[in-house]
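In: attaching a predicted model along with its sequence, questions to come.
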Amino acid sequence: MKLELREITKRFGALVANDRISLAVEPGEIHALLGENGAGKSTLMNVLYGLYASDSGEILLDGVPQRFTGPGDAMAAGIGMVHQHFMLVPCFTVAENVMLGHEATRFGGFLNLDAARDKVREIADRFGFDLDPDALVEDLPVGVQQRVEIIKALSRDAKVLVFDEPTAVLTPQETDELMGIMRQLRDSGAAIVFITHKLREVREVADRITVIRLGKVVGEASPTATNAELASLMVGRAVELIVHKNPPRLGEVGLAVSELTVIDHHGTHVVKNVSFEVRRGEILAIAGVQGNGQTELTEALLGLQKHVRGSIRLDGVEVSGQSVRHLLDAGVGFVPEDRNEDGLVGDFSVAENLMLDRAHGEPFVKAGSVQQRKLMEFARSKVAEFDVRTQGIDEHVKFLSGGNQQKVVIARELSRELRLLVAAQPTRGVDVGSVEFIHEQIVAARDAGVPVVVVSTELDEVSALADRIMVMYGGHIVGIVPGATSRSDLGLMMAGERMTEGAAA
Amino acid sequence: GQAPTSATNPAAATSAAVAGFKPCMVSDSGGFDDKSFNQLGYEGLVAAASQLGVKPVAVRSNAVTDFAPNLTNLVSQKCSLIVSVGYSLADATIASAKANSSVNYVSIDDTLDADHDGKTDIPNAKPIIFDTSQAAFLAGYAAAAYSKTKVVGTFGGMNLPTVSIFMDGFKQGVDYYNTKKGATVKVVGWNGKDGSFTGGFEANLAAQNTAQSLIDQNVDVLLPVGGPIYKSAAAAIRAAGRPIALIGVDADITKTDPSVADITLTSIQKGIDVGTKAAALAAGAGSFDPTPFVGTLANSGVSIAPFYDYESKLPAGTITDLDVLKSSIISGSVKVTSYLSK
Amino acid sequence: MNESSRRMQRVLREITTGSALVPVFAILLAMIVGAVMIAATNVDVQETSGYFFSRPGDCLLAIWQAVSGAYTSLFQGAIYNFDAGNFTDGIRPLTDTLTNATPLIAGGLGVALAFRVGLFNIGGQGQMLIAASVAGWIGFSFNLPPVVHLLVALLGGLAGGAVWGGLVGILKARTGAHEVIVTIMLNYVAFYLVSWMLRTPGLLQAPGSSNPQSPPEAANAILPKIFGPGYSTHFGLVFALLATAVVWWILVRSGLGFQFRAVGFNPRAARVAGINVSRMYVYALLISASLLGLAGVSQVLGTVNTGFTSTIDAGLGFDAITVALLGRSTPIGTLLAALLFGAFRAGGYSMQAVNQVPIEIVLVVQSLIVLFIAAPPLVRSIFRLPDPRRIRDQGLRLRRTKKAGVSA
Amino acid sequence: MSVVTSRASDPVVTIGGETANPVSRKVPIVFTAVTVIAVLAAISARSGDTAFRFTRSSADPTQLPEMHLPVCPTLWVIAVLLAVGTLFAWRRLLVRRKVPMWLVAVYGTLAVIGFLVWAGVGHAIPLVGLLGGALSLAVPLVYGALAGVIGERVGVVNIAIEAQLLSGAFTAAIVSSVTKQPLLALPAAMVTGMLVGMVLAAFSLKYLVDQVIVGVVLNVLVIGLTSFLYSQVLVPHADQLNTPVRLDALPIPLLSDIPVIGPVFFRQTIVVYLMYVAVAVVAAGLFRTRWGLRLRAVGEHPKAADTVGIKVISTRLWNVALAGAIAGLGGTFFTIGSGIAFNKQMTAGMGYIALAAVIFGKWHPIKATLAALLFGFASNLQNTLSVIGSPVPSEFMLMLPYVVTILAVAGLVGKSRAPAASGKPYVKG
Ligand SMILES: Nc1ncnc2c1ncn2[C@@H]1O[C@H](COP(=O)(O)OP(=O)(O)OP(=O)(O)O)[C@@H](O)[C@H]1O
Ligand SMILES: Nc1ncnc2c1ncn2[C@@H]1O[C@H](COP(=O)(O)OP(=O)(O)OP(=O)(O)O)[C@@H](O)[C@H]1O
Ligand SMILES: [Mg+2]
Ligand SMILES: [Mg+2]
């Protein structure tokens, strides 16, 4: 089916998120949509999917104008969408999530769960996924949730498919799998819109590329364009795609973890007897497929996990068992994996979010009072320094685009006196321009002598930042290898194969 | 309908009131439809007012905090007599009466003796109280005589003196019967100090289940004390599937609520309406008398209602016994104790 | 665009779009409904409507008289009494309004503060009762010097309320017990506990009395009248206003309030930011309950100082919820809402006394006002006010900023 | 290279391949406390018998003799059994496993029996009355709790249960009085309950008013309106309007003849039978049907539901209306269900207790029903004990159900998680 968007305009108050955007996607085409954070890509797709009503403009399918009053209409017209923020009900099983909205039922409206399970298995098999239809979505790692989201979209046999940043949480292998699926779908005649910030993927799979900036189409590009060309078209300036970093000047051991075991609230041992060290001035990147204990490990470092055994020493001082506040005060910087849930208070202003983890004392609270002026100055300078795109420092953070939200978290964590930085997925969903910036900041922290732990599923990021790479699988350390280890070796390790015998603790 | 041609006075006055006489009333939180003392007081006031040919003003309180403002507002409405119903209004009434010596007050159920010197604290107020234990004593005696299962029960809204005085007298009456006749009738729901209470004065499920619990103890006479909760007791009795007799309080419920007439043994009457009416009539005639009125069997301020159909179901001689007992109580040869006699 | 010019713009827009008028129209609308009820229950109206078709004028006049009479007395009972002759008497209703508003301010602040931390404190009744009992007990059983006695009783009351509410906080922090359940249950427990103490000699019962009632408060423990003995307004009001300022400071300016609000909006992020969430719950309930305690204290040492019963809370614990919600859980909003409700309470007395209007009408009108004020679009569409949908995001944003989500 | 998937040297205790549980010490601790109390009670018990009566009246078809339990020996037996249970609970803790629910139930029952034996020395405990009363006190709570569960599951906090119960009670009284047909009163009460639900839905869904505000205000509004109509209309015309005809009890053949169980559960009015049906239907419906799946999706993640074409607002509207109808039906129990005329505020805060049952029951219809039953049982236990005479002041007896609820919630239930979107308005972009 041919998709055409004509002159779509969507405003949020004074902000024009989409300014007369036109876009055409042919059947059998993968059309990539590029643009920096907040450019208006998701907004455009939400308009297409009937989630937002556009202020003006037209949607045409095979030349026929459509009127969508809600996603129901869009789906009925043959549009499917994989959303940037998962649209999954956490306490439902995979099968329930997939069947929701078009349930197979038996007599009396009773659900036919078997049919749903079969459907899930069938699609999963078709695309080579491994997925238990009866698993609860909330128990699944993010990467697997992404598969559920994809299966959901596929289960409806859509003719137009929108993928809004589906690869942000996938491993390289998973990403390759997904791109294979997209090609399959294209070949069967679907029109596909693909949004991503990863230029490699765009060039690999896209047939056509449209670039959006500040709500406007700024041009088309061919898939043969170089990364640098694409990046500068998106951001409007030249972007350095390689992080410049000097060889590490290693100091003393800053973080020493030994025999650490973490038990989650289900009683599962998610981190199993793990030991490693990070020196001052060094970046240790933890690679691994989501759900292999990285998240829990980082949370344990900040005292967020309840049931922890083993030892964590910061500059030689035992800190396991300490309160989060104590650890923050001791100089641990923490970028949580899930910024919306754990990193930001959406209803707080940008400024308030910037002081979130220092609400109990200096420099922002004196004699119990928040120092408004000081906070405002601080916020303005950080917003400028980290290039946070916002209507003002009193704008609510939930109205910022994802990448800008991430910058707020990074800005906050990097503006304290640090003795350890723990950053989980620091650039998830961030556009290339901002990735560059955030990486620079992390490297700067390391060069200032801070031991840094970065968790990332993104191998490009791991390679760009790591001085050493630690790979986790099933809660264990598979191995700790030098930063220059090849992608393919890392990929194997992430699948649980051990590289260096005995390297694991 | 037809439009009236001239304004007529709806209440045909049977006796004239002094000029500008305006009788008023403040309820406590039960309100004027509580099937209990507020309602009886209100009926007494209305009766007096229509006899005097004046319009009464009645305001309702929902909480303790309403008492003072309600009294103040009535004073500024130029009320000449203010009846406050319920012991909980006593302090507010004393305060208001002290501040407005030209207004007369009647207090139902309280002695207006905050300093406990045995005398009313203010000259312009008349306490009306009732020693209901005397009448309840008779009812207890009758209940014991009537009971076949030899278990009788009582329960109350809350453990307040004006409530427990009924239960107290009732129990003493049963005990008296036991000693007199060598019987062993048991009272459940009241042990002389404490007992079964519903926690409030609403005819609701809690009250019905309390009644049910008593019925499960095999009682065949039930005395619920506290406004409308007798209705819950009646509902429980009807569901019980065996004959159980009800004893009403305050008014003769056979008359005020014919729907329960068939199960009502008798009622312990408390002449709030009569007392209020008399006080209001006197005040209306310009002869307000602040002397406290204590309703007793002797002055018929309290009494037990007729047994109607149940008279035949009582053991022979009971009525005579009750008459004798009544005179003995009046003469003081049989002592009934209550918080009022202490 | 800088912050202050944005604020100016917002104010301008509120005026031009009629947003500022919404509360006025909401009150008007509710009073129209009230008018219908007043007319329907009026004896004259009932009589004249019997022959409406033969002489409609009678009925209309009766309706007009009933309604205007009732609302005149509402006004004269709440704001200013024109019949009083002189100013000193005429202004008395306004002071009554203030008296009635006093516990509502304090209690409303308590509920509002808890709301902002994501807690629903339905336990006002219990907290008020315990606070009133403690303050009352200190007030009548000791002989302390002036000022000292009052302050000791006041602090004792606040502590009593705080203990009752803190219990909820500790249970929530320790065991995860939901505050809604525990506060509801503790209301009943407090009620029966206080009832028992009031009828037990040696505890709260007045010596020599057999009624379940406490003795009057000692003179030194009584909150003095602000405007002299002729007016009911007492120093509780000053404490309530002080509390408003303090709560404003806590919520808007203090580091503690920052942590409170963070927990209210997103407890997970708050925890990651080093805020001890359970501790914030305990603190919030302690403060919230002491504010409700202040409401109880102002009742027992101010409004009804001649001895109290177990209904001294007078349903204010629940009214406080409505007041807090009407005030959008902000300190200033709560203050204004409490004044409005105080006026209705004060005016209700005179409406009932003068016009024999059933007191329940006030309840109905009050709740309708809350509903209408909370739903500006409804009021707009009824009165055909301009619809500010063009700038709708701003409105949404305003609404969203004001409250932490509370799920009960 | 060797493939490492799991390591034998894993030092962590796992049993039978299951994952270990990170300790809940609550149950063993509570058990221990109960056992200690039981032993103390056994030591201090007065001598005598406690009788248990299994039939309510001589009219019951199956007559069972009273059972007389000697207090001291019985208490010792129970104390020993409780001690065994406690040991078992600690053992489970050591191997990091949960104490099974059935054990908690058996334990609780034993403890209650022990308490009855201890408290009832020299008296007869009427089991049918005790349980029957418990059920009848629980009926409106169960209906209210179902309404609360449905509301919150679909994302609308239903604080207005009190209003719905009260309006149902009110309508039922009037309709049954006027028509003399109590059965007609049932649908009428459902309609008024539904209307209250619709107002809640309209204000919270269309005008985005905070759901808690609307709920609280509706309670006040309905209390005000019904009290107003009661004193202005029902009292003056009580004969025509407020003499509700009571629903008859309809014993179910055979079932109603079972001793104890029969009279308690199967000799009831239609309102009670409808309650059984409602609980079963809601429980099955919520978790097994399309209706339930969509409803829960809307309450957990409305946007996700929206993206699969479920109409969030109308789903919420109709289910809140349904919840209102259920609570309205429950309200009939106050008047025509128990044969009492309507009076002001006769629901006496039951709606709030039902709300507590919703949370106590973790937003699950069956568990909420059990919570309501527990509350009903504690209330009626209070009645029974205060009737047979207890040394404890009546006020403390009246506190019993509330204290029991707090202890149960704090001691056994603990944290509970509301449906994620409950209370949050859904606004489209
Ligand atoms: N519901 C909303 N209300 C107000 N503003 C919004 C809303 N949704 C998006 N915006 C704003 O619209 C702009 C476009 O956002 P959009 O989510 O479409 O960006 P995007 O291109 O998808 O960015 P990203 O790559 O970070 O996902 C941003 O400035 C964002 O802040
Ligand atoms: N929210 C919290 N989370 C974790 N620990 C806390 C928290 N609040 C206080 N503590 C710890 O409790 C102890 C005392 O705290 P308290 O708040 O009294 O002191 P404080 O830090 O000086 O207070 P503030 O700076 O907020 O005025 C400190 O050791 C502090 O680390
Ligand atoms: Mg996007
Ligand atoms: Mg005296």
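Out: That came in fine, so what should we check first? Numbering: from 1, shown residues only, chains lettered A, B, ... in the order given. Ligands and ions are numbered 1, 2, ... in the order given.
In: for the stretch 201-342 of chain B, give me the ranges with low pLDDT.
Out: Regions of the stretch 201-342 of chain B meeting the criterion pLDDT under 70 cover residues B:342.
In: so which bits of stretch D:267-281 are buried?
Out: Neighbour-count burial for stretch D:267-281 flags D:267-272, D:274-275, D:278-279 (criterion: 16 or more other CB atoms under 10 Å in any protein chain shown). Just so you know, the C-beta spots here come from the backbone N, C-alpha and C atoms, and that holds for glycine as well.
In: mind checking which helix or strand A:V16 is in?
Out: strand A:15-25 (DSSP states H and E).
In: tell me the pLDDT at A:P223?
Out: pLDDT for A:P223: 86.
In: pull out the buried residues from stretch C:133-147.
Out: C:133-140, C:144.
In: same for the helix or strand that contains A:I150, what does it pack against?
Out: Per DSSP H and E, A:I150 falls inside helix A:142-154. Contact here means 3 or more CB pairs under 8 Å, 6 or more residues apart in numbering or on different chains; DSSP states H and E; on that basis helix A:142-154 packs against strand A:79-82, helix A:94-99, helix A:113-126, strand A:160-164, helix A:172-187.
In: what angle do it and strand A:160-164 make?
Out: Between the axes of helix A:142-154 and strand A:160-164, defined by axes from the mean of the first three to the mean of the last three CA atoms, to 10 degrees, the angle is 160 degrees.
In: hmm, who's touching helix A:142-154?
Out: If you take CB atoms under 8 Å, 6 or more residues apart in numbering or on different chains as the criterion, helix A:142-154 is touched by A:80-83, A:86-88, A:94, A:97-98, A:120, A:123-124, A:127, A:129, A:131, A:137, A:140, A:161, A:163, A:166, A:169-171, A:174, A:178, A:181, A:185, A:289-291, A:457, D:308.
In: one more: stretch D:367-378?
Out: For stretch D:367-378, the external contacting residues (CB under 8 Å, 6+ apart) are D:130-131, D:133-138, D:141-142, D:144-146, D:148-149, D:279, D:353-354, D:356-358, D:360-362, D:400-401, D:404-405, D:408.
In: that older thread, go through the helices and strands packed on helix A:142-154 and name the closest to chain D.
Out: Of all those, helix A:94-99 sits nearest to chain D, with 6.2 Å by CB to the nearest CB.
In: helices or strands up against that closest one?
Out: helix A:113-126, helix A:142-154.
In: out of these, indicate the one that is most buried.
Out: Greatest average neighbour count among these goes to helix A:142-154 (a mean of 23), per mean count of other CB atoms under 10 Å in any protein chain shown.
In: not counting residues beside it along the chain, what's closest to A:G331?
Out: A:R419 (3.4 Å; CB to CB, 6 or more residues apart in numbering or on different chains).
In: list the residues that contact residue 318.
Out: No chain specified, so I'll use chain A. With contact taken as CB under 8 Å, 6+ apart, A:E318 is in contact with A:311-312.
In: not quite, I wanted chain C
Out: Each residue near C:F318 by CB under 8 Å, 6+ apart is listed here: C:122, C:124-125, D:216, D:220.
In: quick one: buried ones out of those?
Out: Of these, these count as buried by 16+ other CB under 10 Å: C:122, C:124-125, D:216, D:220.
In: restricted to helices, list the residues you listed.
Out: Under the assignment DSSP state H, the buried ones among the contacts of C:F318 contribute C:124-125, D:216, D:220 to helices.
In: sorry, back to before: among the buried residues of stretch D:267-281, which are located in strands?
Out: Within the buried residues of stretch D:267-281, residues falling in strands by DSSP state E are D:267-268.
In: closest one of the buried residues of stretch D:267-281 to ligand 2?
Out: D:V279 (42.6 Å; CB to the nearest ligand atom).
In: tell me how far the closest one lies from chain B.
Out: D:V279 is 19 Å from chain B, where distance means CB to the nearest CB, to the nearest Å.
In: quick check: that residue touching D:G361?
Out: No. Under the criterion of CB atoms under 8 Å, D:V279 is not in contact with D:G361, lying 11.1 Å apart.
In: show me what contacts the closest residue to ligand 4 within chain A?
Out: Ligand 4 sits closest to A:G368 of chain A, with a gap of 52.7 Å, by CB to the ion. Applying CB under 8 Å, 6+ apart to A:G368 gives the contacts C:254-256.
In: in CSV: the residues you listed, plus secondary structure and distance to A:G303.
Out: Below are the contacts of A:G368 laid out as CSV (DSSP: H, G, I helix; E, B strand; the rest coil; distance: CB to CB, whole Å):
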residue, secondary structure, distance to A:G303
C:S254, strand, 25
C:G255, helix, 21
C:L256, helix, 21
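In: who in chain C is up against chain B?
Out: C:50-51, C:54-55, C:58, C:77, C:96, C:192, C:195, C:199, C:207-213, C:216, C:232, C:299, C:303-304, C:306-309, C:311-315, C:346, C:349-350, C:352-354, C:356, C:359 (CB under 8 Å from any CB of the partner chain).
In: quick check: which ranges of the stretch 51-200 of chain D have low pLDDT?
Out: D:57-62.
In: correct me if wrong: A:V274 contacts A:V257.
Out: Yes. Using CB under 8 Å, A:V274 is in contact with A:V257, at 6.4 Å.
In: pLDDT score assigned to whatever residue of the stretch 51-200 of chain C ends up closest to ligand 4?
Out: Of all residues in the stretch 51-200 of chain C, C:F140 sits closest to ligand 4, at 17.8 Å by CB to the ion. C:F140 carries a pLDDT value of 95.
In: check the secondary structure at the closest residue to B:T154 other than its chain neighbours for me.
Out: With CB to CB, 6+ apart as the criterion, B:T154 has its nearest non-adjacent residue at 4.0 Å, and that residue is B:L223. Following DSSP: H, G, I helix; E, B strand; the rest coil, we place B:L223 in the strand state.
In: so who does B:L223 touch?
Out: B:136, B:139, B:143, B:152-155, B:166-167, B:170, B:246-247, B:249, B:268.
In: which ones among those lie within strands?
Out: Among those, the members found in strands (DSSP E) are B:152-155, B:246-247, B:249, B:268.
In: nearest spatial neighbour of A:R313, skipping sequence neighbours?
Out: A:A256 (4.4 Å).
In: who does the one you found form a beta bridge with?
Out: With DSSP bridges applied, A:A256 shows beta-bridge pairing to A:E277, A:R313.
In: what's the burial count for it?
Out: Using other CB atoms under 10 Å in any protein chain shown, A:A256 has 18 neighbouring residues.
In: relative to A:A287, how far out is it?
Out: Distance, A:A256 to A:A287, using CB to CB, to the nearest Å: 20 Å.
In: what parts of the stretch 101-250 of chain B come near ligand 4?
Out: Residues of the stretch 101-250 of chain B found near ligand 4 (CB under 5 Å from the ion) are B:113, B:115, B:117, B:119, B:121.
In: and which of those residues is nearest to chain A?
Out: B:D115 (49.2 Å).
In: near that closest one, how many other residues are there?
Out: Residues near B:D115, counting by other CB under 10 Å: 9.
In: swap in D:V30?
Out: D:V30 has 21 nearby residues by other CB under 10 Å.
In: quickly find the element holding the residue lying closest to C:I332 once chain neighbours are set aside.
Out: Spatial nearest neighbour of C:I332, chain neighbours left out: C:W248 (6.9 Å); criterion: CB to CB, 6+ apart. Element membership of C:W248 [criterion: DSSP H and E] is helix C:236-248.
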